[in-house]
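**Q** Sharing a sequence plus its predicted fold:
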2 protein chains.
Amino acid sequence: MRIAAKCPACLLNRVYLECKIATNDQSKIERAVGEALKILSEEYEKRGINALIATKVHRRVYEVLGVEDPYKPLKDRANAVAMKNLPFVEDFISKLSDKFYGAVVASIIGNAFDYGVLDHKVEEDNFKMYFLKMFAKGLTIDDTEEIKDLCRGKVVYVTDNAGEIFFDYLLIREIKKISEKVSVVVRGKPILSDATIEDAKLAGIDKVADEILPNGGEIGIDEEMLPEVTKSRIEEADVIVAKGMANYECLSESKWENVAFLLTAKCEPVARDIGVSVGSMVAMLK
Amino acid sequence: MRIAAKCPACLLNRVYLECKIATNDQSKIERAVGEALKILSEEYEKRGINALIATKVHRRVYEVLGVEDPYKPLKDRANAVAMKNLPFVEDFISKLSDKFYGAVVASIIGNAFDYGVLDHKVEEDNFKMYFLKMFAKGLTIDDTEEIKDLCRGKVVYVTDNAGEIFFDYLLIREIKKISEKVSVVVRGKPILSDATIEDAKLAGIDKVADEILPNGGEIGIDEEMLPEVTKSRIEEADVIVAKGMANYECLSESKWENVAFLLTAKCEPVARDIGVSVGSMVAMLK
């Protein structure tokens, strides 16, 4: 998916958010926004993939601000909320006849832990109610059966956000029951509120997956930035389970087949590209 | 007031809003956003006045979209809501001992009719409740007494939005009771949801003011763009009553003294520049 007309406003809004979290130094913030505008203005013309343009923008902003992980407090909060609600979600799924489906939907509900998307609010305060409401709403696109079949082979599971990763744990555990091998890919360096190896370990992913591998530090997946081992796992996989919008933006443009996109469509451009309304949850096989 | 780090995201968000109102042609929208980004990226570096940068941006966007007045439906709605609630507000003020103060506050509450400011929601549905709540909250900065004194001379009243202009009518009527001469300045060409001569006449301003004059079509006041007659009125004025944020952004940087800023601080940069919290109402003499 290529950058859309709504993306620049959203991206700059998130840049401003991270500036405010990181510093009170107005002149630094002003400079960071200026750098973001310059990169964005150039890159927008080339109509590249938004997630990869965003990677360039945020990396430069982090550099100007002199920070490595400005979203750390937000990630910690998301992890805490998810951890607190995990027993409830786990119990809820355990009572379902189709636990695989339940874990898929739970992991997609968890995808709503995403801070800084314009028009999207993270529901923290009453997560249980939110979870039940969303579970009842269900999937707008549901290829869970086909995805489950493909999961019997070699699986690469590309995670998205911190917080969400606790619910990924539940799904990865389900996948592992039927799968030959599960390789989990996290962000190779902190960026936005995306999960890194630390978050994955905190969520216990290392106890259920065969391995945890880094991407190249980008938001999403950029073939050219991927470490060799991660790239080879993706190329050998029977299915790539890709969580969230940034992985969708990248992998919907990739050569790789058999990608299972599990996401909540939190913004208009992604929703439109998929062909669903904003707020829809999808488990969609490419 | 110079462009702040938060302004680009807000400006691009409004550009996208007007694109969506004006057309369904995605390629036109994409091109318009690209042009906006180019101008914004260049102008941001020079740290000019946000309202005047926004003027350049929106004019170029209107050109690409091939439209002259995309906010017309929103202005009509704001005018209709204001017109409907005018008798209530008029009656409310008539019962106050200090009608000048009441009209000042009402006109500032009316300043909340502003579509497209990030983080700001226009309260249309229950305007009476909103009005009473805001009136009870009152002014955070209150120079009404000094402003009233200055209004005994020659007054230039620079309006801001459609809708709001119905409440300006009430204040201009109060000013006219004590004033030597009242010249009202509206936008010389449609831009955003700002009031033009048509809105002013719809609100009956022509019946209470001595004259209605155009600015140069900019959002706010740019000395270089002003028609000669408007400029001379401003230069001869004992007080310039400037409604809203864009007029504040421009006139806070101008050489002119005795400017009475009447506004609701709807965004963080303007609120910070004034030294109040977002949502505050001020009647402040420079």
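**A** Perfect, I can see it now.

**Q** any low-confidence regions in the stretch 51-200 of chain A?
**A** A:115-120, A:124 (pLDDT under 70).

**Q** tell me the strands in it, going along the chain?
**A** For the stretch 51-200 of chain A, the strands defined by DSSP state E, counting those that start in this stretch occupy A:141-142, A:154-158, A:181-186.

**Q** contact partners of the second one?
**A** Strand A:154-158 is contacted from outside by A:168, A:171-172, A:175, A:179-185, A:209, A:215, A:221, A:233-234, A:236-243, A:247, A:251, using Cβ atoms under 8 Å, 6 or more residues apart in numbering or on different chains. In this view, the C-beta of every residue, glycine as well, is placed from N, C-alpha and C.

**Q** do the same with the longest one
**A** Contact with strand A:181-186 is made by A:154-159, A:165, A:168, A:172, A:175-176, A:194-197, A:199-200, A:205, A:208-215, A:221, A:230, A:233-234, A:237, as judged by Cβ under 8 Å, 6+ apart.

**Q** What is the burial count for A:Met129?
**A** For A:Met129, the count of nearby residues is 10 (other Cβ atoms under 10 Å in any protein chain shown).

**Q** And it, how close does it get to chain B?
**A** From A:Met129 across to chain B, the span is 24 Å (Cβ to the nearest Cβ, to the nearest Å).

**Q** now A:Cys19
**A** Distance of A:Cys19 to chain B, computed by Cβ to the nearest Cβ: 7 Å.

**Q** do A:Val208 as well
**A** Remark: distance between A:Val208 and chain B (Cβ to the nearest Cβ) = 40 Å.

**Q** Looking at strand pairing, list the partners for the closest residue to A:Leu150 other than its chain neighbours.
**A** Sequence neighbours aside, A:Val239 is the residue nearest to A:Leu150 in space, at 3.7 Å (criterion: Cβ to Cβ, 6 or more residues apart in numbering or on different chains). Beta-bridge partners recorded for A:Val239 (DSSP bridges): A:Val155.

**Q** still on that earlier bit, if any of the contacts of strand A:181-186 are buried, put those into a ChimeraX selection.
**A** In ChimeraX, a selection of the buried entries from the contacts of strand A:181-186 looks like this (16 or more other Cβ atoms under 10 Å in any protein chain shown):
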select /A:154,155,156,157,158,159,165,168,172,175,176,194,195,196,197,199,200,205,208,209,210,212,213,214,215,221,230,233,234,237
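
**Q** hey, where'd the helices end up in the stretch 151-286 of chain A?
**A** Per DSSP state H, counting those that start in this stretch, the stretch 151-286 of chain A carries helices over the ranges A:164-178, A:197-202, A:205-208, A:228-236, A:244-251, A:268-274.

**Q** Ok, the stretch 1-150 of chain A next?
**A** In the stretch 1-150 of chain A, helices defined by DSSP H, counting those that start in this stretch lie at A:7-22, A:26-46, A:50-65, A:72-94, A:99-110, A:127-137, A:144-150, listed in chain order.

**Q** And the shortest one, what's buried?
**A** What that stands for is helix A:144-150. Buried residues in helix A:144-150 (16+ other Cβ under 10 Å): A:Thr144, A:Ile147, A:Lys148, A:Leu150.

**Q** Wait, the first one touches A:Val104, no?
**A** Yes - the pair formed by A:Thr144 and A:Val104 meets the contact definition of Cβ atoms under 8 Å, at 5.3 Å.

**Q** Those residues of the stretch 1-150 of chain A touching chain B, which are they?
**A** Counting by Cβ under 8 Å from any Cβ of the partner chain, the positions of the stretch 1-150 of chain A adjacent to chain B are A:4-6, A:8-9, A:12-13, A:15-16, A:19, A:26, A:29-30, A:32-34, A:37-38, A:40-41, A:44-45, A:47, A:118.

**Q** Drop the exposed ones from those residues and show what's left.
**A** For the residues of the stretch 1-150 of chain A next to chain B, buried by 16+ other Cβ under 10 Å: A:4-6, A:8-9, A:12-13, A:15-16, A:19, A:29-30, A:32-34, A:37-38, A:40-41, A:44, A:118.

**Q** any idea how far chain B is from A:Gly220?
**A** Separation of A:Gly220 from chain B (Cβ to the nearest Cβ): 21 Å.

**Q** residue contacts, that residue?
**A** A:Gly220 touches A:Ile49, A:Ala51, A:Leu52, A:Thr55, A:Ala246, A:Asn247, A:Glu249, A:Cys250, A:Leu251, counting by Cβ under 8 Å, 6+ apart.

**Q** now A:Ile197
**A** When contacts are counted by Cβ under 8 Å, 6+ apart, A:Ile197 touches A:Val186, A:Ile212, A:Pro214.

**Q** what would the buried residues of helix A:144-150 look like in CSV with distance to B:Trp256?
**A** Below are the buried residues of helix A:144-150 laid out as CSV (distance: Cβ to Cβ, whole Å):
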residue, distance to B:Trp256
A:Thr144, 67
A:Ile147, 67
A:Lys148, 71
A:Leu150, 70
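
**Q** which one of those residues sits closest to chain B?
**A** Set against chain B, the nearest of these by Cβ to the nearest Cβ is A:Ile147 (30.6 Å).

**Q** And for that closest one, nearest residue in space, chain neighbours not counted?
**A** A:Ile147 sits nearest to A:Ala260 (Cβ to Cβ, 6+ apart), 4.4 Å away.

**Q** give the contact list for the nearest residue to A:Arg2 once chain neighbours are set aside.
**A** Excluding its sequence neighbours, the residue lying closest to A:Arg2 (Cβ to Cβ, 6+ apart) is A:Arg47, at 4.9 Å. By Cβ under 8 Å, 6+ apart, A:Arg47 lies in contact with A:Arg2, A:Ile3, B:Glu30.

**Q** One more: A:Ser193?
**A** A:Tyr71, A:Leu74, A:Lys75, A:Ala78, A:Phe113, A:Asp114, A:Tyr115, A:Gly116, A:Asn161, A:Ala162, A:Gly163.

**Q** Identify the residue spatially nearest to the fourth one, adjacent ones excluded.
**A** In this structure, A:Ala78 finds its nearest non-sequential neighbour in A:Gly163, 2.7 Å apart by Cβ to Cβ, 6+ apart.
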